[in-house]
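Enquirer: Below are the sequence and a predicted model for it; my questions follow.
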Amino acid sequence: GQVHELCAFPPLSVSPTGSLLLAVHFYSCPRAAPPLPSSSLGVLLLLPSALLAYAGIRRSLGNASLLVPLCLTLSAFWSGYGVILILAGQGVLPDPGDAHDALVPGLAAFTLALLLVAVVGFLCGEPILALVAAAMALANAHEVALHYNSLLGPSAVACSHLVVCLVGGYFALGRILCFLTKGRVALPGTDLAEKKAREQGWGSAGSTNSFAAPGLLLNVLSASVFCCRLLGVTHKLFLGQVPWLWAAGTYQIGICVLSYRAMDVLTATAFGFTSILQFAGGYCLLYPTWQPEEPSFPTPFLVVFSILFAILALFLSLQSPVDGLYLLVFVAYCIALACSPRGFFAGGPQGVAVAVFVASALMALIHLYNVRARAKIPLGKGAVKALLARSSLLKLREGPDLHAPYLGYSKYANAEVLAYACSVLASFALTATGDPQAPLATVVIPWVVVAGGILKLLGGSVAFARGKTLESSAFILYSVMWIIWGLTRYSGLYGTARSFHAAVGIVAFMLFNSFVVFCSLFLNMAWFFYSLTFMLITVSFLLDAIHALPTGYDIAATLIFGLVSFYCFLAALSSSTFEGCCFPMGRPMVQLSGVGAGMTKCLHLPARKASSVKRIADILRNGGTCGIPTDTVYVLVAACNRPDAVEKAHRSKRQAQDRPMSLWISSLKQLEPAKHLFTPLLWDFMEAAWPSPISLVIPRGEWVDFLGMKDSAKYVGTPQSVAIRIPDCSVTTHLIDLVGPIVVTSANPTGEADTTHHNQVYAKLGDKVDAVLCGGPSPENIASTVVDCTKIDSGNIGFFRVGIIPKSQV
């Protein structure tokens, strides 16, 4: 625990590493031969950049803190800075002014970003963190000034980095002293116990998504590249600025994933959208390095992108009107790009980039302040809730079931909104008709590969984590198809020749997708048409590969798939925001028992939460049946004092007469009123055997009447005997403490294999149970040992089933 506490505040100990490297570099700048070549310094800066990113992610798993934006901001800065130094060391930036034009946009953006973190840190009582951020901002500001006036000297930059080293060293010393003295000695500002208590007091009142601020600061970075060109701060847009844009895009994809971890679907989708723009901007700046002209933009795609941004802004405004208004700036950005043939090189989009820069900085300041401050800056959510409260048609989805996973407990929110949107973007990007002799001249690869490939792969991975096996398989399959076809067709690898091998590969994809289409019959109508229309896309790829593509077929296929994807995007967005289905996905076209047939909502509650066990207990007390984890496999349970529930469990299982249901208790105290009806030897044997995965079949008697099963007792045991046990599982025994004795049977139809995961409970009995307590994989895949104790008083025991406990142990 002390080691964990020593490492629990890592960024202030990691940040001096990069600053020390830069301090040595700038102190040695006047010399002819610096101790570290640019390439080596760049590689070394990437190491603390990775450590800081890891530290920020690990820190984010706890309470919200300003350390998360500080870590991720510094990490993005050093990664972009390091790559530019590597390019300079390899001679990619030969002109005298190239280093200035490459570094200044990022330095200016991070100066502002770190200054915002420092101001909020001082306001919210984080002096050490604020000092580190302020010193880094000062170092960047000095370096910007150094690029304009060499008389200032690099020593000022080195001194600022040295301040970061001293503050980080002070904090590391404080943590070492605290560790060695077991908390008796702590330097001011380094006592983590005090900080942790304060963070826990603020955690519930803090921002729901602490990753919004670093994501917004990365928008400041990307916009700065184009703002500096418009304002004349830099002389050109070129390869040297690509690392800033692609660093922003890469980190925003990471923040998109982390926002799903924070259960913030709309913010995650927004950062997914903006990351596409960052990669597209980097591609446009990279293209002139091998071709003299600027790349052209597909106008229909950008119009569609602006529509998606506008719809997302509308839904986000229901959650936070200020954030929704902020996204409208990107709507204007996409429209400006669509209206400018030169794209990012034109003055119109660069002018909107200035608005993006200012708006992102203001929104980042608001989110940074709301992470730590007690008195929050209002974002207008209360006004929207009050307005919608008067409407009987629209009701916002709120509460603990807002991000309930499809199957079981998941740490991620639903990513289908982003996945469907990426399908729309990739399909409309294919409508671009570029020059076959120069496929790279049209900006298609970022939209197809990043949107249709990388982000869809992300959506498939999150869907898999949420238990959506078919959806995740389809998203991952489609992402691979988009990546391969996008790189092959639009990067010049395909050329004008066509290959039989490409056609064979496409046929293989079509076979896989045929299986997805078949499975979607059991899911819903929307998914059936979604997978079926993607088959039209693959058919167009195949026809193109064999020189048999009819004129206009590929455009029609992509438009049809894009429109179906757009409907799925609206349906997923509305279902994640409102209660009820504004845009229904439809019923399964083919229904089978236990496979998507149940339309009633089956609750899935994480077993690690005491509140979940309490909800399961309430359901059982009200006559429900539930699937729960045990010390062996999953079981279906009902409360003994609810005869209707016992009968319901018997019906749902189609229980065979030779496999009767059994009884479970949490302790022998629950049988104390009937103790006189048991023989002393049997009672002593039960005390010795339990709790354990041993079921004892004991003689049936009047003691059964004490459990309140009434007429439903006929479903439990046989006329001569009843199986009973105390499970060796704290969750199960706690549930029985709350409910009382329960009736138990295996959570699978009679004759099938035992159920060893909560996903299987839903698949087999999902439409017949009221809730499932999700505990993940079963600790054991073997059922309990069943011992015959009906003749124990004569000195004989037998075995109906030898399970996890061997005979010798019994």
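Expert: It's in.
Enquirer: Okay, helices next: where are they in the stretch 701-810 of the chain?
Expert: Applying DSSP state H, counting those that start in this stretch to the stretch 701-810 of the chain gives helices spanning 730-739, 758-765.
Enquirer: for the stretch 151-300 of the chain, same thing?
Expert: Under DSSP H, counting those that start in this stretch, the stretch 151-300 of the chain gives helices at 155-180, 192-203, 212-230, 242-261, 265-286, 299-319.
Enquirer: Next: the stretch 351-500 of the chain.
Expert: Going by DSSP H, counting those that start in this stretch, the stretch 351-500 of the chain shows helices at 381-389, 416-429, 445, 456-465, 469-490, 500-520.
Enquirer: Just want the most central residue of this protein.
Expert: residue 260 (3.3 Å; CA atoms, centre = their mean).
Enquirer: Give me the residue ranges of the stretch 601-750 of the chain where confidence is low.
Expert: For the stretch 601-750 of the chain, residues meeting the criterion pLDDT under 70 lie at 601, 653-659, 750.
Enquirer: and if we set it to 80?
Expert: 601-604, 652-659, 706, 708-712, 748-750 (pLDDT under 80).
Enquirer: Mind jotting down where the strands sit in it?
Expert: 603-606, 626-628, 635-639, 662-664, 694-699, 721-725, 742-746 (DSSP state E, counting those that start in this stretch).
Enquirer: Make TSV out of those and add mean neighbour count and distance to residue 322.
Expert: Backbone N, C-alpha and C define where each C-beta goes, glycine included. Formatted as TSV, the strands of the stretch 601-750 of the chain follow (neighbours: other CB atoms under 10 Å; distance: least, CB to CB, whole Å):
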stretch	mean neighbour count	distance to residue 322
strand 603-606	22	33
strand 626-628	29	42
strand 635-639	29	48
strand 662-664	23	53
strand 694-699	23	60
strand 721-725	22	57
strand 742-746	25	50
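Enquirer: Adding distance to residue 682, write those out as a markdown table.
Expert: What follows is those, written out as a markdown table (distance: least, CB to CB, whole Å):
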| stretch | distance to residue 682 |
| --- | --- |
| strand 603-606 | 36 |
| strand 626-628 | 27 |
| strand 635-639 | 24 |
| strand 662-664 | 15 |
| strand 694-699 | 6 |
| strand 721-725 | 11 |
| strand 742-746 | 20 |
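Enquirer: Out of those strands, which is closest to residue 678?
Expert: strand 694-699 (7.8 Å; CB to CB).
Enquirer: starting at the chain centroid, how far to that closest one?
Expert: Relative to its chain's centre, strand 694-699 lies at 46 Å (CA atoms, centre = their mean, to the nearest Å).
Enquirer: ok, residues contacting that strand?
Expert: Contacts to strand 694-699, defined as CB atoms under 8 Å, 6 or more residues apart in numbering, come from residues 662, 678, 682, 685-686, 689, 720-725, 784-790, 800, 805, 810.
Enquirer: partners of it, with directions?
Expert: On the basis of DSSP bridges, the sheet neighbours of strand 694-699 come out as strand 721-725 (antiparallel), strand 785-788 (parallel).
Enquirer: which stretch among these comes nearest residue 773?
Expert: strand 721-725 (18.5 Å).
Enquirer: Show me where the stretch 351-500 of the chain dips below the pLDDT cut-off.
Expert: In the stretch 351-500 of the chain, residues with pLDDT under 80: 372-375, 380-411, 431-442, 466-467, 489-500.
Enquirer: ok, now with 50
Expert: 400, 406-408 (pLDDT under 50).
Enquirer: And for the stretch 51-200 of the chain?
Expert: Those would be none, if you go by pLDDT under 50 across the stretch 51-200 of the chain.
Enquirer: all strands of it, in order?
Expert: Counting by DSSP E, counting those that start in this stretch, the stretch 51-200 of the chain contains no strands.
Enquirer: Number of residues surrounding residue 461?
Expert: Neighbour count of residue 461, defined by other CB atoms under 10 Å: 18.
Enquirer: next one: residue 290
Expert: Neighbours around residue 290, by other CB under 10 Å: 7.
Enquirer: got the domain boundaries for the chain?
Expert: Following the TED database, one gets these domains for the chain: 11-195+209-294+304-373, 415-578, 603-801.
Enquirer: Quick one: closest of those domains to residue 379.
Expert: domain 11-195+209-294+304-373 (4.3 Å).
Enquirer: re the thing from before, which of the helices of the stretch 701-810 of the chain sits closest to residue 540?
Expert: helix 758-765 (35.4 Å).
Enquirer: Report the angle between that closest one and strand 635-639.
Expert: 70 degrees (axes from the mean of the first three to the mean of the last three CA atoms, to 10 degrees).
Enquirer: how about the helices of the stretch 351-500 of the chain in a markdown table, adding distance to residue 336?
Expert: Shown next, in a markdown table, are those (distance: least, CB to CB, whole Å):
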| stretch | distance to residue 336 |
| --- | --- |
| helix 381-389 | 29 |
| helix 416-429 | 18 |
| helix 445 | 21 |
| helix 456-465 | 27 |
| helix 469-490 | 24 |
| helix 500-520 | 37 |
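Enquirer: out of the ones you listed, deepest packed?
Expert: helix 416-429 (a mean of 28; mean count of other CB atoms under 10 Å).
Enquirer: Now stretch 146-161: buried residues?
Expert: Going by neighbour count (16 or more other CB atoms under 10 Å), the buried part of stretch 146-161 is 146, 147, 154, 155, 156, 157, 158, 159, 160, 161.
Enquirer: I'd assumed residue 144 was in contact with the fifth one.
Expert: Yep, that's residue 156 we're talking about. No. Residue 156 lies out of contact with residue 144 (CB atoms under 8 Å); the separation is 11.3 Å.
Enquirer: Give me the distance from stretch 358-377 to the chain's centre.
Expert: With CA atoms, centre = their mean, you get 23 Å for stretch 358-377.
Enquirer: which residues touch it?
Expert: Outside stretch 358-377, the residues that reach it (CB under 8 Å, 6+ apart) are 64-66, 68-69, 112-113, 116-117, 119-120, 123-124, 126, 202, 205-207, 210, 212-213, 216-217, 219-220, 223, 322-323, 326, 329, 379.
Enquirer: Can you get me a residue count around residue 327?
Expert: 23.
Enquirer: Which residue, neighbours along the chain excluded, lies closest to it?
Expert: In this structure, residue 327 finds its nearest non-sequential neighbour in residue 313, 3.7 Å apart by CB to CB, 6 or more residues apart in numbering.
Enquirer: now the strands paired with strand 694-699 as TSV including distance to residue 177?
Expert: Formatted as TSV, the strands paired with strand 694-699 follow (distance: least, CB to CB, whole Å):
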stretch	distance to residue 177
strand 721-725	54
strand 785-788	55
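Enquirer: So which of those strands is nearest residue 92?
Expert: Nearest of these (CB to CB): strand 785-788, 70.2 Å.
Enquirer: Give me the contact list for the closest one.
Expert: 689, 693-697, 723, 797-806, 810.
Enquirer: could I get stretch 718-738 in PDB with only the CA atoms?
Expert: Provided in PDB are the C-alpha atoms of stretch 718-738 (Å, rounded to 0.1, in the frame of the first residue of the first chain):
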ATOM      1  CA  THR A 718     -38.600 -35.600  -4.400                       C
ATOM      2  CA  PRO A 719     -41.400 -36.900  -2.200                       C
ATOM      3  CA  GLN A 720     -38.700 -38.600  -0.100                       C
ATOM      4  CA  SER A 721     -35.800 -36.200  -0.100                       C
ATOM      5  CA  VAL A 722     -34.500 -32.700  -0.700                       C
ATOM      6  CA  ALA A 723     -31.000 -31.400  -1.700                       C
ATOM      7  CA  ILE A 724     -29.700 -28.500   0.500                       C
ATOM      8  CA  ARG A 725     -26.500 -26.700   1.000                       C
ATOM      9  CA  ILE A 726     -24.700 -23.500   2.100                       C
ATOM     10  CA  PRO A 727     -22.600 -22.100  -0.800                       C
ATOM     11  CA  ASP A 728     -19.100 -21.000  -0.200                       C
ATOM     12  CA  CYS A 729     -19.600 -17.600  -1.900                       C
ATOM     13  CA  SER A 730     -19.900 -14.300   0.000                       C
ATOM     14  CA  VAL A 731     -22.100 -12.700  -2.700                       C
ATOM     15  CA  THR A 732     -24.500 -15.600  -2.700                       C
ATOM     16  CA  THR A 733     -24.700 -16.000   1.100                       C
ATOM     17  CA  HIS A 734     -25.200 -12.200   1.500                       C
ATOM     18  CA  LEU A 735     -28.100 -12.400  -0.900                       C
ATOM     19  CA  ILE A 736     -29.600 -15.300   1.000                       C
ATOM     20  CA  ASP A 737     -29.200 -13.300   4.300                       C
ATOM     21  CA  LEU A 738     -31.300 -10.500   2.700                       C
END
